[in-house]
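1. here is my input, please return the structure:
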Amino acid sequence: MSVHVSGKYTAKVSGEPAEVLTVVDAKQFMQIEPGFTDDDTLIADCIDAARAAIESRLRRFLTDTDVSITFRDQPPAYIFLPLGTCQSVTNITYRDSDHQTQVLSNSVYYADLVDKMGGRIGLTDSASWPTISTRPYSFTVNGVFGYGNAEAVPSPVRVALKRLVNELYTRRGVMSVGNLLEDKVYGQLLGREVVPVMR
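-> Presented below is the predicted three-dimensional model:
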């Protein structure tokens, strides 16, 4: 499980999302003979590092990932979901005034998930949020975030991932992932997919 933290929320990931890139894909892109397997573990590590760096840069998950987003503050009328494309909202949980965890009835809210930069959750007609604990981080949205499966990841993002894996593999020990991502080519490949910072 990994945890993403911002000033407004924490996001906990459960399970392992599907990979965008396999070792076979990476070796084909890097023109490494399929029969050469000595570096397969290293290439797999480069894929993991590249994916983590790109997801961090984009502020979104690439393939469908089970995520629990716990918000610091009380919910406003509309809750804007960070972390990019939300495929579905599994449920919403909250701590009540006695600090006990409850599951919110899905008749109270609706989910508008069409925006690839992040969906939103709103109250249905005449509904209101329940009484929620005044303690911070008492309201959690559980859902599936990501573009979908590996094939749904936009081509420029896939190319950026392959390119970064190649650079991590061929220039290991020379430059950090952060320095590599400063290359203007990555800005061009990834720019349209970056999720705005939640304010």
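2. contact partners of the longest strand along the chain?
-> In the chain, taking DSSP state E as the definition, the longest strand is strand 86-95. Residues outside strand 86-95 that contact it (Cβ atoms under 8 Å, 6 or more residues apart in numbering): 64, 66, 101-104, 106, 109, 111, 113, 118-119, 121, 130, 132-133, 135, 138-146, 148. Quick note: C-beta positions are derived from backbone N, CA and C, even for glycine.
3. which of the helices or strands spans the most centrally placed residue in the chain?
-> Among the residues of the chain, the one closest to the centroid is Phe61, at 2.5 Å (Cα atoms, centre = their mean). Assessed by DSSP states H and E, Phe61 sits outside every helix and strand.
4. check Ala160 too.
-> helix 155-170.
5. helices or strands up against that helix?
-> If contacts are counted by 3 or more Cβ pairs under 8 Å, 6 or more residues apart in numbering; DSSP states H and E, helix 155-170 sits against helix 23-29, helix 40-58, helix 177-181, helix 184-190.
6. weakest of those by average pLDDT?
-> Ranked by mean pLDDT, those end with helix 177-181 at the bottom, a mean of 65.
7. how far away is the residue in the chain sticking out farthest from the centre from Pro154?
-> Here the chain reaches farthest from its C-alpha mean at Gly35, the gap being 33.7 Å by Cα atoms, centre = their mean. Separation of Gly35 from Pro154 (Cβ to Cβ, to the nearest Å): 32 Å.
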